[in-house]
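Enquirer: fold the following for me, if possible:
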Amino acid sequence: MSESERRIGDYGTLRLRLRTAEMLGLPASVCGVRNCRRTRSCLLVFTHNRLPLCYTMLTEHERKAHDEFFDFAASVYEAAQSGHFGNLYRLLIDKPPEYHQAVTEIVCNALPPGHRAHGGLDAIDRLRAGQAPAAWSWKTRFRR
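Expert: Coordinates of the predicted model:
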């Protein structure tokens, strides 16, 4: 278990691993479970190491690429949970732009519904697309 996985916790690590595998298309392409291939989502996870079954079917080179992508998604997830969106934006800018949309989508799907980081990730996506961020107010942030 890496240091970022310890800081994120079991629930966050599991959700991130599942969403990363689904974003990379692993359930549809390499998974041996028929229902995973049909639904294109991970339905079988090893509980002792929080890895989807399709991860175990990857070659060494594919695992290395998956782990690099997962580590980046974990660092974005951790920054999003902390609420420091300036750090989150700097973290995303350091990587190539091809990663941005996929990683923000993985993190948005891995975060619990209604989490405060959804607004920050949406604002970063809008900035990346060249649009102005949505208007911010206390009412929209805290749903009052």
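Enquirer: how far away is the nearest residue to residue 40 once chain neighbours are set aside from residue 70?
Expert: Distance criterion Cβ to Cβ, 6 or more residues apart in numbering; nearest residue to residue 40, sequence neighbours excluded, is residue 28 at 4.6 Å. All C-beta atoms are positioned from the backbone trio N, CA, C, and that covers glycine. Between residue 28 and residue 70 the computed distance is 18 Å (Cβ to Cβ, to the nearest Å).
Enquirer: and what of residue 110?
Expert: 11 Å.
Enquirer: joint contacts of those two?
Expert: Common contacts of residue 110 and residue 70, defined by Cβ atoms under 8 Å, 6 or more residues apart in numbering, comprise residue 16.
Enquirer: more neighbours: which of residue 28 and residue 70?
Expert: residue 70 (23 against 15; other Cβ atoms under 10 Å).
Enquirer: flag the shaky bits of this structure, pLDDT-wise.
Expert: Scanning the chain for pLDDT under 70 picks out 1-5, 132-144.
Enquirer: where do the strands sit along the protein?
Expert: For the chain, applying DSSP state E gives strands covering 45-46, 51-52.
Enquirer: now those strands as JSON lines including distance to residue 124?
Expert: Listed next are the strands of the chain as JSON lines, based on distance: least, Cβ to Cβ, whole Å:
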{"stretch": "strand 45-46", "distance to residue 124": "29"}
{"stretch": "strand 51-52", "distance to residue 124": "27"}
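Enquirer: highest average neighbour count across those strands?
Expert: strand 51-52 (a mean of 20; mean count of other Cβ atoms under 10 Å).
Enquirer: list the contacts of residue 25.
Expert: residue 40.
Enquirer: need the phi and psi values for it.
Expert: phi 80, psi 20 (degrees, to the nearest 10).
Enquirer: now do the contacts for residue 124.
Expert: Contacts of residue 124 (Cβ under 8 Å, 6+ apart): 85, 88-89, 92, 100, 104.
Enquirer: can we see that at 7 Å?
Expert: 88-89, 92, 104 (Cβ atoms under 7 Å, 6 or more residues apart in numbering).
Enquirer: identify the farthest-apart pair in those residues.
Expert: 89 and 104 (10.9 Å; Cβ to Cβ).
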